[in-house]
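Peer 1: Fold the stuff below for me.
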Amino acid sequence: MFHRLLVALAAIVMPTAATYAVPADPAAAFGARPGIEDIHLSPSGNKVAFIAPGRGQSTILFTGESAGGSPPRQALVADGKPERLQSCFWVSEERLVCRIFMVAEQAGAKLPFSRYMAVDADGRNARVVSRPIRAYDAYVAQSGGAVIDALPGEDGAVLIGQVYVPQQRQGTNLNDERQGFGVERFDTRSGSARVVEQPKKDAVQYISDGHGAVRVMGTQKTVGSTGYDSSVISYYYRTSSSRDWKPLSDYNLSTREGFLPNAVDPALDVAYGFKRVGGRLALYKIALDGSKTETLVYGHPQVDVDGLVRIGRSGRVVGASFATEKRQAVYFDPQLQALGRSLSKALPGLPLVQFVDSSLDESKLLILAGSDSDPGRYYIFDKTTKRLNEIMVARPDLEGATLASVKPVNYKAADGTEVPAYLTLPPGSDGKNLPAIVMPHGGPDARDEWGFDWLAQFFASRGYAVLQPNYRGSSGYGDAWFQLNGFQSWRTAIGDVNDAGRWLISQGIADPKKLVIFGWSYGGYAALQANVLDPDLFRAAAAVAPVTDLAQLKVEALAWSSYRITRDFIGSGPHVAEGSPAQNAARIKVPVLLFHGERDLNVPLRQSRMMADRLKDAGRKVELIVYSDLDHYLEDGEVRADVLRRVDAFFRANIGTP
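Peer 2: The predicted model follows:
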């Protein structure tokens with residue numbers, strides 16, 4: 001499989017209007033994990049490293065020449081039992097640092113852990129860079145340490161955040177009393193480490209300037225003696241000539257108010273970050289020279305500006321991104337802005353263009369370009385020769401298959417609100433009187449975007465029309481659209497989801513007797529709660545890893561330091577019981593199919609078990625499929641294929657379609 005990933009294609013041959021190529025085993029082809037899960041260029045740009053899936057949950061690091069030629073070589077394998085490679089990046093021309101993630105059992109509890117490991121490009125001289133750390137001990141950046149800076153000016157060293165725990169050395173008085181989150185400069189070859197930021201008990205995040213100077217620190221206190229995190233992260237900064245910390249901003253994780261720093265630009269001496277203006281996220285910069293002058297960099301009148309465009313080993317900020325009907329980028333770098341326009345002309349069928357990585361001098365750029373009907377292709381652009389060469393495809397299992405086009409649409413909710421959505425029709429279909437699926441996204445603090453979606457494409461290949469609504473409660477459209485979130489404002493959110501089904505019927509797209517609903521995570525919650533709100537609209541419901549009981553979800557959060565944040569997000573009041581499918585199972589009339597990973601930490605398995613039990617008690621038809629040793633995302637191609645086959649067969653059995 002993997003040798004195909006480094007074959008440059010001379011041309012892309014598209015099927016004619018009357019010919020539609022379908023994989024021999026659609027579930028296996030669409031369920032397969034992406035052929036490239038992470039990819040980076042070496043400092044020279046002459047080498048590439050990428051993580052590819054193996055069997056089960058295993059992951060494999062390959063390295064090779066970016067110009068192609070000889071096949072890539074295997075450098076590192078994580079067997080997925082439980083370790084998985086998540087990212088690998090170059091710290092020299094011959095050495096990489098990889099982040100390894102796992103869900104493991106400790107004292108009878110399933111907990112997330114991560115760590116970093118350095119390895120040569122040929123797989124030799126492996127060395128642990130950080131200790132395994134429980135991922136919830138602090139903010140996300142603290143999970144098993146965190147690479148703060150790849151130190152582009154140095155060869156093989158990194159700045160890495162480390163969690164310090166007081167240690168006693170038996171038989172000596174040399175105890176280490178340090179505690180908290182600090183930063184070390186770590187030489188990945190020798191293993192020598194030097195502390196550059198002493199650990200601080202409340203520290204949860206550090207941001208460097210990309211060239212070795214730590215300029216921003218985030219702290220998060222616990223509330224009283226509870227051990228639970230405060231919802232506020234307080235940020236501090238340093239001027240370029242001082243080691244003293246000065247207040248920068250406070251960001252509230254519950255209300256989403258305040259300036260949230262993301263990056264530091266040493267040339268401009270500013271921190272880039274996001275802040276709400278007029279109820280929508282916008283990109284701001286704050287001067288770090290002591291003046292704290294705040295400047296609006298870019299805002300959009302309709303949607304949130306929610307992404308930074310960064311490039312290279314230093315993470316240089318070159319633009320901002322946002323999604324209207326499609327994801328767009330605004331570049332601050334004139335050369336990249338011009339190149340972006342040129343690429344749009346050179347790749348007219350692949351409008352979603354991302355700058356993934358670059359060589360150290362940025363003369364070679366790694367680019368991913370894709371569309372709704374193309375999962376993506378990786379290119380290297382050489383600024384010196386002006387050549388653009390395709391090197392890999394994102395999903396080799398779907399190469400040559402005819403994929404469906406995705407159309408942005410709007411439909412009216414019951415109160416007249418126009419709700420944005422994405423409609424995927426089977427290739428070659430006239431779009432009339434079809435079996436149809438409403439597929440609400442997860443989150444709920446998320447949104448769907450135009451582009452390739454493996455779930456929607458599979459269902460379209462099987463003859464279904466698929467509608468993905470960005471219901472109220474979705475993020476990306478500002479505070480007014482987000483409302484109180486999809487749990488506290490569930491009636492509005494789920495009302496919009498059901499109105500998506502009614503729109504499909506009113507437009508003649510869906511056969512009303514063949515309308516079903518499917519979702520994952522919050523989408524699974526929505527698929528169930530939609531049938532509580534309107535028991536007669538859908539003919540069947542399938543849900544992967546769904547939230548089913550909001551009160552129980554709060555109870556489950558008690559074991560985590562983020563409990564207060566989760567509690568506030570769910571809220572209190574009548575909506576907790578009224579908005580819980582498990583508490584209203586008797587209202588659900590349709591057959592239900594549930595899937596859950598046994599190691600799910602996002603939504604515990606007991607949520608699906610409770611739902612299945614309540615439906616059985618109510619005399620309803622329900623089946624629960626549990627996958628052992630898998631978490632929320634079911635990162636196993638064979639398991640995902642199994643989910644697709646079962647859902648397809650389940651829907652067909654309940655809508656009378658062979």
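
Peer 1: SS state for the residue positioned nearest the centre of the chain?
Peer 2: Nearest residue to the geometric centre of the chain (CA atoms, centre = their mean): Ala446, 9.7 Å. Secondary structure, DSSP: H, G, I helix; E, B strand; the rest coil: Ala446 is coil.

Peer 1: Give me the distance between the closest residue to Asn602 other than its chain neighbours and Val466.
Peer 2: Nearest residue to Asn602, sequence neighbours excluded (CB to CB, 6 or more residues apart in numbering): His632, at 4.0 Å. Any C-beta I mention is one placed from the backbone N, CA and C, and that applies to glycine too. His632 sits 22 Å away from Val466, going by CB to CB, to the nearest Å.

Peer 1: who has more neighbours, these two?
Peer 2: Val466 (25 against 19; other CB atoms under 10 Å).

Peer 1: if I pick the more buried one, what's in contact with it?
Peer 2: Leu423, Thr424, Ala436, Ile437, Met439, Ala456, Phe459, Ala460 (CB atoms under 8 Å, 6 or more residues apart in numbering).

Peer 1: Can you name the next helix or strand after the helix or strand hosting it?
Peer 2: Using DSSP states H and E, Val466 falls within strand 465-469. Downstream of strand 465-469, the next assigned helix or strand under DSSP H and E is helix 479-482.

Peer 1: in stretch 562-569, what counts as buried?
Peer 2: Going by neighbour count (16 or more other CB atoms under 10 Å), the buried part of stretch 562-569 is Ser562, Tyr563, Arg564, Ile565, Thr566, Arg567, Asp568, Phe569.

Peer 1: oh, I was asking about stretch 234-245
Peer 2: Quick answer for stretch 234-245 (16+ other CB under 10 Å): Ser234, Tyr235, Tyr236, Tyr237, Arg238.

Peer 1: any idea which of the residues you listed is closest to Glu638?
Peer 2: Using CB to CB, Tyr235 is the member of the buried residues of stretch 234-245 that sits closest to Glu638, with 44.0 Å.

Peer 1: So that closest one versus Lys275, what's the distance?
Peer 2: From Tyr235 to Lys275 the distance is 12 Å (CB to CB).

Peer 1: hmm, back to that, now do the same contact list for the residue nearest to the centre of the chain.
Peer 2: Here Ala446 is in contact with Ser474, Ser475, Tyr522 (criterion: CB under 8 Å, 6+ apart).

Peer 1: Quickly note the distance from it to Ala526.
Peer 2: Where Ala526 is concerned, Ala446 sits at a distance of 12 Å (CB to CB).

Peer 1: List the residues that contact Asp536.
Peer 2: Per CB under 8 Å, 6+ apart, neighbours of Asp536: Lys589.

Peer 1: Check it and give its pLDDT.
Peer 2: pLDDT, Asp536: 98.

Peer 1: now swap in Ala18 and tell me
Peer 2: So, for Ala18, pLDDT stands at 45.

Peer 1: With the one 10 residues further on instead?
Peer 2: In the predicted model, Ala28 carries a pLDDT score of 98.

Peer 1: Report the contact partners of the nearest residue to it once chain neighbours are set aside.
Peer 2: Distances taken as CB to CB, 6+ apart put Ala641 closest to Ala28, at 4.6 Å, once the chain neighbours are dropped. Contact partners of Ala641, counting by CB under 8 Å, 6+ apart, are Asp25, Ala27, Ala28, Phe30, Gly31, Ala32.

Peer 1: what helix or strand does Ala641 sit in?
Peer 2: helix 637-655.

Peer 1: Send me that helix as CSV with only the CA atoms.
Peer 2: In CSV, the C-alpha atoms belonging to helix 637-655 read as follows (Å, rounded to 0.1, in the frame of the first residue of the first chain):
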residue,chain,number,x,y,z
GLY,A,637,-10.1,0.9,9.6
GLU,A,638,-11.7,-2.6,9.9
VAL,A,639,-13.9,-1.4,12.8
ARG,A,640,-15.0,1.7,10.9
ALA,A,641,-15.8,-0.5,7.9
ASP,A,642,-17.8,-2.8,10.2
VAL,A,643,-19.8,0.3,11.5
LEU,A,644,-20.5,1.4,7.9
ARG,A,645,-21.7,-2.1,6.9
ARG,A,646,-23.9,-2.5,9.9
VAL,A,647,-25.5,1.0,9.6
ASP,A,648,-26.2,0.5,5.9
ALA,A,649,-27.8,-2.9,6.5
PHE,A,650,-29.8,-1.6,9.5
PHE,A,651,-31.1,1.4,7.5
ARG,A,652,-32.0,-0.8,4.5
ALA,A,653,-33.8,-3.3,6.7
ASN,A,654,-36.0,-0.5,8.2
ILE,A,655,-36.8,1.4,5.0
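
Peer 1: Show me what counts as buried in that helix.
Peer 2: Residues of helix 637-655 classed as buried: 637, 639-648, 650-652, 654-655 (neighbour count, 16+ other CB under 10 Å).

Peer 1: thinking in terms of the whole chain, how far from its middle is that helix?
Peer 2: Distance, stretch centre to chain centre, for helix 637-655: 24 Å (CA atoms, centre = their mean, to the nearest Å).

Peer 1: Could you do stretch 217-228 as well?
Peer 2: 26 Å.

Peer 1: Next SSE downstream of the helix or strand bottoming out on mean pLDDT in the chain?
Peer 2: Across the helices and strands of the chain, mean pLDDT, DSSP states H and E gives its lowest value to strand 133-134, namely a mean of 46. On the C-terminal side of strand 133-134, the nearest following helix or strand under DSSP H and E is strand 146-149.

Peer 1: got the contact list for that following strand?
Peer 2: For strand 146-149, using CB under 8 Å, 6+ apart, the contacting residues are 97, 99, 116, 158-161, 183, 206-212, 214.

Peer 1: circling back: give me the pLDDT for the residue nearest to the centre of the chain.
Peer 2: 96.

Peer 1: what about it, distance to Asn470?
Peer 2: In terms of CB to CB, Ala446 sits 9 Å off from Asn470.

Peer 1: List the buried residues in stretch 499-515.
Peer 2: Asp499, Ala500, Gly501, Arg502, Trp503, Leu504, Ile509, Ala510, Asp511, Lys514, Leu515.

Peer 1: Now do the same for Ala29: helix, strand or coil?
Peer 2: Going by three-state DSSP: Ala29 is helix.

Peer 1: ok, the buried residues of stretch 562-569 vs Pro535, which is closest?
Peer 2: Checking the buried residues of stretch 562-569 one by one against Pro535 (CB to CB), the nearest turns out to be Phe569, at 27.7 Å.

Peer 1: Show residues contacting the helix or strand containing the closest one.
Peer 2: Under the criterion of DSSP H and E, Phe569 resides in helix 563-570. Residues from elsewhere that reach helix 563-570 (CB under 8 Å, 6+ apart): 223, 226, 228-231, 253-254, 485, 487-488, 550, 553-554, 557, 560, 576.

Peer 1: Could you give the separation of that helix from the chain centroid?
Peer 2: 21 Å.

Peer 1: picking up where we left off before, neighbour count for the contacts of Ala641 - can I get that in TSV?
Peer 2: Listed next are the contacts of Ala641 as TSV, based on neighbours: other CB atoms under 10 Å:
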residue	neighbour count
Asp25	13
Ala27	22
Ala28	17
Phe30	27
Gly31	23
Ala32	21
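
Peer 1: if we take those, which one ends up nearest to Pro53?
Peer 2: Nearest to Pro53 among those, with distances taken as CB to CB, is Ala32, at 7.5 Å.

Peer 1: Relative to Gly597, how far out is the closest one?
Peer 2: From Ala32 across to Gly597, the span is 18 Å (CB to CB).

Peer 1: Could you do Leu151 as well?
Peer 2: 37 Å.

Peer 1: was I right about Glu362 contacting Arg313?
Peer 2: No: with contact defined as CB atoms under 8 Å, Glu362 does not reach Arg313; the gap is 9.7 Å.

Peer 1: which one of those two has more residues nearby?
Peer 2: Counting neighbours by other CB under 10 Å for Glu362 and for Arg313 shows that Arg313 has the greater number, 24 against 20.

Peer 1: dump the residue contacts of that one.
Peer 2: Pro43, Phe89, Trp90, Ala150, Pro152, Gly210, Ser358, Leu360.
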